[in-house]
Every structure is written in C-alpha cells, then in structure tokens.
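> Need coordinates for the following:
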Amino acid sequence: MQTMYDVVVVGSGFGGSVSALRVAQAGKSVLVLERGKDYQSHDFPRNMQDVNSVLWQYPRRPDSQGLFDIRFLSDVGVTCSAGVGGGSLIYSNIHVRPDSSVFESPRWPEEITLKSLTPYYDKVASIFDVCPIPKDILLPKRDLFWECAKHLNVEVFDPDQAVNWQRCEYCGECAFGCKHNAKNSLQSTYLRQAADAGADIQAQALVTIIEPTFKGYYVHYRDLKNGGVKKQIKARRVILAAGTLGTNELLFRNRDSYKTLGDLSRKLG
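Residues are numbered from 1 along each chain as shown. You can find the predicted model right below:
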C-alpha cells in the first residue's frame with residue numbers, strides 16, 4: 001500500500017465502490033478503507049449464537065467485528081452492514097425501478113426524471129446482471145405469498161433481482177439461497193473492477209479522524225486486523241461513503257470532538 005493517494009474512499013458500499021471504480025478508471029490512485037471484514041462467499045456468519053461474528057461492536061462486546069451493525073435512534077431501528085461490499089452484503093438484491101410519477105413531486109429538480117436516469121439504471125442493471133426470476137425455479141415461500149395474494153384478490157409481481165440463478169458449481173444445486181456466490185454483490189462487480197483498474201482495498205480499517213493538511217488530508221484509522229493499531233494515510237481528496245449513519249457520525253466527531261473539520265455547517269445531519 002502507498003503512503004499517498006489521489007483519493008481515499010471511506011466505505012465500500014454502493015457509493016464507495018462506484019466512486020472507487022470511476023476514480024481508478026480515470027487513472028488516479030485510490031484507496032478504499034472499509035471498517036468490516038473481507039467476506040468471501042463461504043465466510044458469512046452462519047452461527048447466530050456467535051455474537052462476535054454476527055454483530056458489529058455489540059454493546060457489551062465492543063471488540064466484536066460482525067457483519068450486522070444494528071442501531072436504535074429514538075423509535076427507529078436501523079440495520080447496517082460492516083464488510084467489504086457494504087449494504088450489498090445484506091440487502092435482498094431486489095431492483096425495482098420507480099414509476100415516472102415518482103419524479104413528478106416538486107421536491108425533485110426538473111432535470112431528474114425517469115427518462116434522464118434510465119441510462120444509469122441500465123448501466124447498473126448490466127453490471128449486477130439484474131434479471132427476472134426464472135419460471136422453472138422452485139421458491140416455496142414466494143409461491144405461498146402468491147397464493148395468499150390470489151386469495152385476497154391483490155395484484156403482485158416478481159421483482160427483478162441481482163441474483164446468480166445458475167447451478168452452483170460447488171454443490172450442484174440452484175444458487176438461490178446458496179452460500180456460494182448467489183448474490184451479485186459489490187464484491188464481485190464494482191469492487192472487483194475497481195481492483196482490476198488499480199484501486200487498493202483495505203478491510204478492517206476503521207476511520208476515525210480526517211485532518212486537513214497542506215494540499216490534502218491525513219486520514220487516521222485503526223487497523224482492526226492487527227489489534228487496532230493506529231495508522232494514517234495521506235490523500236489529496238477524501239470521499240466519505242460510509243452510509244447515512246457512518247458518514248454523519250464521522251463528520252460530527254471531526255467537527256465537534258476532534259475539531260479537525262470545524263468549518264462544517266451547523267446544519268449538518
């Protein structure tokens with residue numbers, strides 16, 4: 001790993017992975033720092049009793065580095081992901097395009113319409129291999145749902161999904177629900193392409209402080225793979241893509257606690 005990058009991306013979810021790929025494709029050096037582990041297809045936690053492998057920084061076990069980060073904010077509960085690939089590791093791979101009527105709300109700029117976004121929806125769908133559920137796939141839960149809907153005279157449909165529906169090369173069964181590469185996540189799409197384009201991706205790197213310096217920033221982080229050793233890296237630009245909660249938390253802490261980003265707006269968050 002280098003000591004200086006053109007861009008450091010904090011977070012490897014949907015925002016971070018796409019940013020990393022585009023920066024790398026532009027010929028710039030880029031480092032992705034991800035707090036969670038680098039899960040391979042066979043590494044996902046299966047034993048729900050093993051708190052340390054399932055939950056991220058469980059309240060009574062602050063050193064746990066599991067996949068699920070569960071937070072409660074007043075009467076709202078949020079489940080986030082901690083791992084290379086971000087939210088794509090735990091979402092349901094459902095890809096439904098909004099109706100054009102969604103963009104008729106005055107809250108949207110006039111330039112943002114279904115028509116203007118369609119080329120980008122198409123690009124993402126191509127990379128994730130979004131497709132309909134094959135008709136010959138047996139899905140008992142889905143079929144029961146359909147029966148219930150029919151009984152209630154409610155119209156339903158199968159949404160397109162970013163799922164590998166081919167036969168699993170490991171176990172010979174349908175890949176749906178299989179732990180071997182069933183999900184077309186960011187690991188196997190944007191992040192893989194970013195790495196092929198020259199991006200460095202470091203897992204178990206918990207970013208703490210972002211410190212402005214001459215012509216750039218020092219990004220301080222804890223190397224969780226090596227006992228939380230404090231390290232730093234320099235970047236000309238920093239992209240915060242740690243999700244709604246993670247990004248805001250970083251900004252708040254650096255503005256109010258560490259005082260390194262004191263000029264941030266009071267309207268933050």
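
> drop to CA atoms for contacts and neighbour counts, all remaining ones
OK.

> Direction included, what does the lengthiest strand in the chain pair against?
The longest strand of the chain (DSSP state E) is strand 229-240. Looking at strand 229-240 with DSSP bridges, its partner strands are strand 4-10 (parallel), strand 216-223 (antiparallel).

> Can I get the ones you listed in CSV including mean pLDDT and mean neighbour count?
Listed next are the strands paired with strand 229-240 as CSV, based on pLDDT from 0 to 100; neighbours: other Cα atoms under 10 Å:
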stretch, mean pLDDT, mean neighbour count
strand 4-10, 98, 23
strand 216-223, 97, 20
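
> Any idea which of these gets closest to residue 250?
Taking Cα to Cα, strand 4-10 is the member of the strands paired with strand 229-240 nearest to residue 250, at 10.0 Å.

> quick one: contacts of that closest one?
Contacts to strand 4-10, defined as Cα atoms under 8 Å, 6 or more residues apart in numbering, come from residues 16, 19-20, 23, 28-34, 207, 233-242.

> if you set the cut-off to 6 Å instead, what comes out?
Residues outside strand 4-10 that contact it (Cα atoms under 6 Å, 6 or more residues apart in numbering): 28-33, 234-242.

> and what of stretch 185-202?
Against stretch 185-202 from outside (Cα under 6 Å, 6+ apart): 17, 21, 24, 30, 31, 32, 33, 85, 88.

> To what extent is the closest residue to the second one other than its chain neighbours buried, counted in neighbours?
The shortest distance from residue 21 to any residue that is not its chain neighbour, by Cα to Cα, 6 or more residues apart in numbering, is 4.2 Å, and that residue is residue 194. Residues within reach of residue 194, counting by other Cα atoms under 10 Å, total 24.

> Okay, residue 194 and residue 102: tell me how far apart.
Note on residue 194: its distance to residue 102, by Cα to Cα, to the nearest Å, is 32 Å.

> before we move on, what about residue 266?
Counting by Cα to Cα - residue 266 and residue 102 are separated by 31 Å.

> What of residue 43?
Distance, residue 43 to residue 102, by Cα to Cα: 39 Å.

> just residue 129 next, same as before
Distance from residue 129 to residue 102, by Cα to Cα: 25 Å.

> which of those two has more neighbours?
residue 129 (16 against 10).

> ok, and the closest non-adjacent residue to that one?
Using Cα to Cα, 6+ apart, the closest residue to residue 129 is residue 162 (5.8 Å).

> Test my guess that the one you found contacts residue 130.
Yes - contact between residue 162 and residue 130 holds when scored by Cα atoms under 6 Å: they sit 4.4 Å apart.

> Run through the stretch 151-269 of the chain and note the low-pLDDT ranges.
Applying pLDDT under 70 to the stretch 151-269 of the chain flags the ranges 167-180.

> please redo it, this time with the cut-off set to 80
166-182 (pLDDT under 80).

> so where do the strands sit in this protein?
Along the chain, the segments classed as strands by DSSP E run 4-10, 30-33, 56-58, 61-65, 68-73, 76-81, 200-202, 205-213, 216-223, 229-240.

> Return the most buried member of the ones you listed.
Ranked by mean neighbour count, the strands of the chain are led by strand 30-33 with a mean of 27 (mean count of other Cα atoms under 10 Å).

> And the contacts of that strand?
Contacts with strand 30-33, where a contact means Cα under 6 Å, 6+ apart, come from 5, 7, 8, 9, 10, 11, 199, 200, 201, 202, 205.

> Just send those residues back as CSV, with distance to residue 56 too.
CSV is the format used below for the contacts of strand 30-33 (distance: Cα to Cα, whole Å):
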residue, distance to residue 56
5, 28
7, 27
8, 23
9, 21
10, 17
11, 15
199, 26
200, 24
201, 20
202, 18
205, 14
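
> Please enumerate the helices of the stretch 151-269 of the chain.
For the stretch 151-269 of the chain, the helices defined by DSSP state H, counting those that start in this stretch occupy 190-196, 243-252.
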